[in-house]
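# got a structure for you, letters missing:
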Ligand SMILES: Cc1cc2nc3c(=O)[nH]c(=O)nc-3n(C[C@H](O)[C@H](O)[C@H](O)COP(=O)(O)O)c2cc1C
Ligand code: FES
C-alpha cells in the first residue's frame, strides 16, 4: 500500500501506510525507544516533565493548555491510586485526527501514555474512544494486547519496578463527553454531565482520585519529545507554540484530510496541501479550530499563520485544529443554523442558559433561514449569545455562543439579506457544491 | 429466564476486568451496547437485567441508556442507518446522501420501512468528516465516501 499523505513535515503520522500499525512496524519507526531511554537511563520523573515543559507542547484537545504545567499539578506523594485518561472522544465537528492516530499509529499513543504514567507516578490509564468509530476501538484493543504481551504494559515494565496498565473504554454517542469532567462521569458509568470546577481533576478526578486528562494527539507527541529532546520539538514550531500539529481539513477543498504541519505554517500552505479550493471557487469563510470556534473570512485566513497565537490574533482560536473550509457559494445562515442545531441537540441540559439558550439560538437562526426572520433577530442572537457565554458549568455553552456571534458579526449582510428578502443571496441557497463529491466518487 | 446470553455475560465479564472491583458501574455503557447488539434494542426488562448483573439500581441504568444517542430505546428496523449531516459533512454531500436515502427507502429520519428492514437516523459528527459523506450501519460499521452508487450497493447488500 502506498504511503498516506500527511504532508512533508509529519512527525506523529510520519511513514504511515494505513497497514503498518502493528507493534513490530512501530518498533521499526523508533517506537518505544523513548520509553526504553527513560527506563534504561533511569531518567527521573521530574526530568520527563521538565522536558515536556521545555517543548512548549500545548494540549491538542481544544484549550491549548501547556501540557508540562498540567502534569506538574498532579500530587506526587498521594497515597493510593491516581489515574491517567486519554480523551479520544473526538466529536467536535470537523475534527478527525485522533482517529487516524488510533487506527494507523496506536502504539505512539500507548507509548506516550506509558511515559506520562511514569512521569506522574500513575499506575492505571484509560483511553475513552468515540463510540462511532467502533472498528478503531477494536484495533486499539488489539494494539493494547500486543503491548501487554511485549512487556510494555503491565507489571514491572521491561524488567523495572515501574508498572502501568492501560484499558480502552468506548463512548456511545454524546458530544458532551469530550468535556473532560463529563468524560470522567461517563467513565464511571453515569450520564455524561460535566462537574462543577473546582475541584479540578488533578485533585478530584476519576473515582474521586487525582487524574490527568489529555487529548490523544497530546500524548502522541510525547515520545518524540523524550527521544529527540524538548528543544527539538519546540524547534518544529515557534516559541510558545512548540511542535507540529495535525489539522483536519474538511469542506470545499480538493483533498479533505489530515495534514500535520509545523505550527506557524501559513494557512495558504495548508490549503495548498489539501489540494486547493474545490472547483477553483473563491474562499469565503473558514472555521480554523473546530465548530466551536469563531468563523473568519477567507481574506483574514489567507493572511494568518496556523498556530495558537496567530489564530488568536486574527480573532479566532486554534481549538482542536479542525479547519472547515467554505467557498463563495456557501450560505452562511444555513451553515450557522446547522451548527446551532448541533449544540441544541448535544447540550446536556444541566445549566439553564445552555439548555434553553441553545434552543433559542437554533430557532431564531432557523426562522431567518426559512424566510421568517425579523429585523430585531440579529440583536436578539447576539444578546442570547451573551447570556449563555460564561454562565454555564462547562464550555459547551461558550462553544454554542461563539460561532453564532462570529457568523452574525462576520457575515451580517448575508443575515440581513435573508431577513429583508426572505431568501438567500447565494445562488445555491445552501452548502454550495456539496453534491459534487457524490458524483466524483461515483466516477 | 435470562435475556442475556452466556456469551453476552462473558463479554461483560471481560469489560469488568478493566475497572477496579468496586467500580462495576463503569462497565454499564459497554454492557448496554453488548445487550443491544444481541436484542436490537433495550427493553426495560433487558436493562433491569444489566442492572442486576452489575449491581446497579435500574434507574441508574435507564439514565445511561437515555443519555447516549446510540442506544435504541425502542425496536428499530433490521438495519439502523445513521447518516451524518453535520456541517463539515454537509459541505461534502452529507445532506444529499441522507436525502437520497430518504427518497430511495421512502422514509424520513426516525422512521422504519414497512418491511422492517431499514430505520433511518440523522447523526452528528462521527469524527470522520474527511471521508464525507459517511454513515453508520447498526452503530458499528462505518461506510465512507457514500456516493449514490455506493448507497445503492449498500442498500442492495443489506436487503439480502
Ligand atoms: C463541549 C466540549 C467538548 C470537548 N471535546 C473534546 C474532545 O472531543 N476531545 C478532546 O481532547 N478535548 C475535548 N474537549 C476539551 C477537554 O475538556 C480537555 O480540555 C482536553 O481533553 C484536555 O486535553 P489537552 O490538554 O491535551 O488538550 C472538549 C471540551 C468541551 C467544553
Ligand atoms: S461532520 Fe460528519 S463525520 Fe464529522
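That came through fine. Since the model is a prediction, treat every value here as computed from it, not as a measurement. Ligands and ions are numbered 1, 2, ... in the order given.
# Compute the number of surrounding residues for residue A:299.
Per other Cβ atoms under 10 Å in any protein chain shown, the neighbour tally for residue A:299 reads 11. Heads up, the C-betas are built off the backbone N, CA and C, glycines and all.
# My reading is that it lies in a helix. Confirm?
Yes: counting by DSSP: H, G, I helix; E, B strand; the rest coil, residue A:299 falls inside a helix.
# Okay, and the residue most central in space within chain B sits in which element?
The centre of chain B sits closest to residue B:139, judged by Cα atoms, centre = their mean, with a distance of 3.5 Å. Using DSSP states H and E, residue B:139 falls within no helix or strand.
# What pLDDT does the model give it?
According to the prediction, residue B:139 has pLDDT 98.
# those strands in the chain, which residues are they?
Just so you know, I chose chain A. Ranges of strands in chain A, per DSSP state E, are A:83-88, A:124-129, A:165-170, A:211-215, A:244-251, A:257-262, A:265-266, A:283-287, A:296-297, A:305-306, A:322-327.
# wait, I meant chain B there
With strands called from DSSP E, chain B shows them at B:79-84, B:111-112, B:118-123, B:135-137, B:141-143.
# Which one, of these, ends up nearest to residue A:192?
Among these, the nearest to residue A:192 by Cβ to Cβ is strand B:118-123 (17.5 Å).
# residue ranges with poor pLDDT in chain A?
Chain A contains residues with pLDDT under 70 at A:1-2, A:433-443.
# Apply 80 and report the result again.
Low-confidence segments of chain A (pLDDT under 80): A:1-3, A:427-429, A:432-443.
# Of all residues in it, which one is nearest the centre?
Central residue of chain A (Cα atoms, centre = their mean): residue A:320, 3.2 Å from the mean position.
# where's the nearest residue to the residue nearest to the centre of chain B once chain neighbours are set aside relative to residue A:254, distance?
Excluding the flanking residues, the one nearest residue B:139 by Cβ to Cβ, 6 or more residues apart in numbering or on different chains is residue B:70, at 5.0 Å. Relative to residue A:254, residue B:70 is positioned 33 Å away (Cβ to Cβ, to the nearest Å).
# partner residues bridging the residue in the stretch 151-300 of chain A positioned nearest to ligand 2?
Across the stretch 151-300 of chain A, the shortest distance to ligand 2 (Cβ to the nearest ligand atom) belongs to residue A:250, at 7.1 Å. Note on residue A:250: beta-bridge partners by DSSP bridges are residue A:324.
# my guess is it contacts residue B:128, does it?
No: the criterion here is Cβ atoms under 8 Å, and residue A:250 misses it with residue B:128 at 9.8 Å.
# list residues touching both of those two?
Common neighbours of residue A:250 and residue B:128 (criterion: Cβ atoms under 8 Å, 6 or more residues apart in numbering or on different chains): residue A:96.
# Please work out how many residues are found near the nearest residue to residue A:111 once chain neighbours are set aside.
In space, and not counting its chain neighbours, residue A:111 is closest to residue A:223: 4.9 Å by Cβ to Cβ, 6+ apart. The number of residues packed near residue A:223 is 28, by other Cβ under 10 Å.
# Same check on the one 4 residues further on?
The criterion is other Cβ under 10 Å. On that basis, residue A:227 has 19 neighbouring residues.
# For whatever residue of the stretch 51-200 of chain A ends up closest to ligand 2, which residues are in contact?
Scanning the stretch 51-200 of chain A for the residue nearest ligand 2 gives residue A:93, at 4.9 Å (criterion: Cβ to the nearest ligand atom). With contact set as Cβ under 8 Å, 6+ apart, residue A:93 has these partners: A:290-291, A:322, A:324, A:339, A:342, B:86-88, B:124-125, B:129.
# Now for the residue nearest to residue A:117 when sequence neighbours are not counted: which residues touch it?
The spatially closest residue to residue A:117, leaving aside those adjacent along the chain, is residue A:164, at 4.1 Å (Cβ to Cβ, 6+ apart). Shown in contact with residue A:164 (Cβ under 8 Å, 6+ apart): A:113-114, A:117-118, A:122-125, A:153-154, A:157.
# Looking at the residues you listed, which is nearest residue A:351?
For those, the minimum distance to residue A:351 (Cβ to Cβ) is 30.1 Å, reached by residue A:125.
# Can you give me the separation between the closest one and ligand 1?
14 Å (Cβ to the nearest ligand atom, to the nearest Å).
# Ok, residue A:102 next?
Taking Cβ to the nearest ligand atom, one finds residue A:102 at 12 Å from ligand 1.
# likewise residue B:98?
Noted for residue B:98: a distance of 23 Å to ligand 1, by Cβ to the nearest ligand atom.
# That residue contacts residue B:85, doesn't it?
Yes: using Cβ under 8 Å, residue B:98 and residue B:85 qualify as a contacting pair, with a distance of 5.4 Å.
# what is in contact with these two at once?
Both residue B:98 and residue B:85 are contacted by residue B:122, under the criterion Cβ under 8 Å, 6+ apart.
# how much space is there between residue A:59 and residue A:87?
Residue A:59 is 9 Å from residue A:87, by Cβ to Cβ.
# returning to what we had before: what backbone torsions are found at the residue nearest to the centre of chain B?
The phi and psi values for residue B:139, taken as degrees, to the nearest 10, are phi 70, psi -20.
# Would you mind listing the residues in contact with it?
Taking Cβ under 8 Å, 6+ apart, we find residue B:139 in contact with A:131-132, A:134, A:172, B:33, B:36, B:70, B:80, B:82.
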